[in-house]
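Asks: Quick one, structure for this:
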Amino acid sequence: DQLHSSKKAIEDLTQQIASEGQRFQSQISSLMEENNLLNKTHQDTKKELQSAILQLQEQLENEKEKEQSLISELKNLKDKIAESSGTQTRAKELEEQLVKLETQLKQAVQIAAQRQADHAQDLGDRDAIDKQKEAEREAALNCCHEELEAKNKETLLLEKKVKELEDKLQVAAKGGGSSAELKDGVEVKSKDIDGLTFSAPSKRKSKKKLEAASVQAASSSSTPTNHEVASPLTTLKFILGVAFVSVIIGVILGKRY
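Replies: Numbering: from 1, shown residues only. Just a heads-up that it's a prediction; the model follows:
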């Protein structure tokens, strides 16, 4: 029954690790979907920026063509001024219009340059944010992998210790070893198993209490009662019971902390 309880604890721990692995896999999938969404948004923004730049360039070329047309018209008007003094007023008006158009053109060029600079700044900021989020996702993935590996190693070590205890029990049942040797081996394995789960100071205190209780109980069980000495099989069962209780308590405290 005690071996069954220990195996049940191992199975529960394995199921918990599998559940946590699924949860971590779900988080990884969510992070990958978020990354794809960010990449899509980035590409869409980049396309919009390129489209805006092309439109501004086309507007600039149109304005330049208008400027060349006005310059050509102004030149023609200046030629006509030499022939007729009445066209001077018209030429002056056209010159003023040309100045206004040149001013508007310069303003349009400045606005286009400012917009292009703003778009470039926004694109740079988004790239920096994307890199930061990518670094955070990689750190989270590494942490998840390390935690899963640590729990898998802990489970394998615990299964190995339980198998060794089962082998000890079989050897003792066949009469292959003395009660004192089996007691020492079980106590050593119990300490090793406790060491897998108790790492904090509070856990070490619990371990010391369990070991003290085990030694005291073993000492009490070895003391003659009513002038009778306990049989080796009874001592073996008691020691194995204490060892498995230590294993179960270690697994429970390991899950809690």
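
Asks: residue ranges with poor pLDDT in this structure?
Replies: Applying pLDDT under 70 to the chain flags residues 1-2, 82, 84-88, 91, 175-238, 248-257.

Asks: Remind me what the longest helix along it packs against, helices and strands.
Replies: With secondary structure taken from DSSP state H, the chain has its longest helix at helix 88-173. Packing contacts for helix 88-173, counted by 3 or more C-beta pairs under 8 Å, 6 or more residues apart in numbering; DSSP states H and E, involve helix 2-81, helix 179-197, helix 232-256. C-beta here means a position set from N, CA and C on the backbone, and glycine is covered the same way.

Asks: Quick one: closest of those helices to Glu138.
Replies: Of all the helices and strands packed on helix 88-173, the one in closest proximity to Glu138, counting by C-beta to C-beta, is helix 2-81 (9.5 Å).

Asks: now the closest one and helix 88-173, what's the angle there?
Replies: Orientation check (axes from the mean of the first three to the mean of the last three C-alpha atoms, to 10 degrees): helix 2-81 against helix 88-173 gives 170 degrees.

Asks: Give me the neighbour count for Leu101.
Replies: Look at Leu101: counted by other C-beta atoms under 10 Å, it has 14 neighbours.

Asks: hang on, it packs against Glu65?
Replies: No. Under the criterion of C-beta atoms under 8 Å, Leu101 is not in contact with Glu65, lying 11.8 Å apart.

Asks: can you list the helices and strands packed on helix 88-173 in CSV and add mean neighbour count?
Replies: Converted to CSV, the helices and strands packed on helix 88-173 look like this (neighbours: other C-beta atoms under 10 Å):
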stretch, mean neighbour count
helix 2-81, 13
helix 179-197, 18
helix 232-256, 18
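
Asks: can those go into CSV with extra columns for distance to Lys151?
Replies: Output for the helices and strands packed on helix 88-173, formatted as CSV (distance: least, C-beta to C-beta, whole Å):
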stretch, distance to Lys151
helix 2-81, 5
helix 179-197, 11
helix 232-256, 10
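
Asks: what about those, which gets the closest to Val162?
Replies: Smallest distance to Val162 across the helices and strands packed on helix 88-173 (C-beta to C-beta): 5.4 Å, for helix 2-81.

Asks: So Glu83 belongs to a strand, correct?
Replies: No. With DSSP: H, G, I helix; E, B strand; the rest coil as the criterion, Glu83 is coil rather than part of a strand.

Asks: switch to numbering from 57
Replies: Fine by me, first position is 57 from now on; the one you just mentioned is Glu139.

Asks: measure it to Asn198 for me?
Replies: As judged by C-beta to C-beta, to the nearest Å, Glu139 and Asn198 stand 85 Å apart.

Asks: Ala191 now?
Replies: According to C-beta to C-beta, Ala191 stands 11 Å off from Asn198.

Asks: cool, and Asn92?
Replies: Relative to Asn198, and taking C-beta to C-beta, Asn92 is found at 20 Å.

Asks: now swap in Leu204 and tell me
Replies: 11 Å.

Asks: higher neighbour count, these two?
Replies: Leu204 (15 against 10).

Asks: show me what contacts that one?
Replies: The contact partners of Leu204, by C-beta atoms under 8 Å, 6 or more residues apart in numbering, come to 73, 76-77, 80.

Asks: again, only using 6 Å
Replies: Neighbour list for Leu204: Gly77 [criterion: C-beta atoms under 6 Å, 6 or more residues apart in numbering].

Asks: do you know how far it is from Ser107?
Replies: Distance, Leu204 to Ser107, using C-beta to C-beta: 46 Å.

Asks: ditto for Arg193
Replies: Separation of Arg193 from Ser107 (C-beta to C-beta) stands at 30 Å.

Asks: Over to Ala299?
Replies: Ala299 is 74 Å from Ser107, where distance means C-beta to C-beta.
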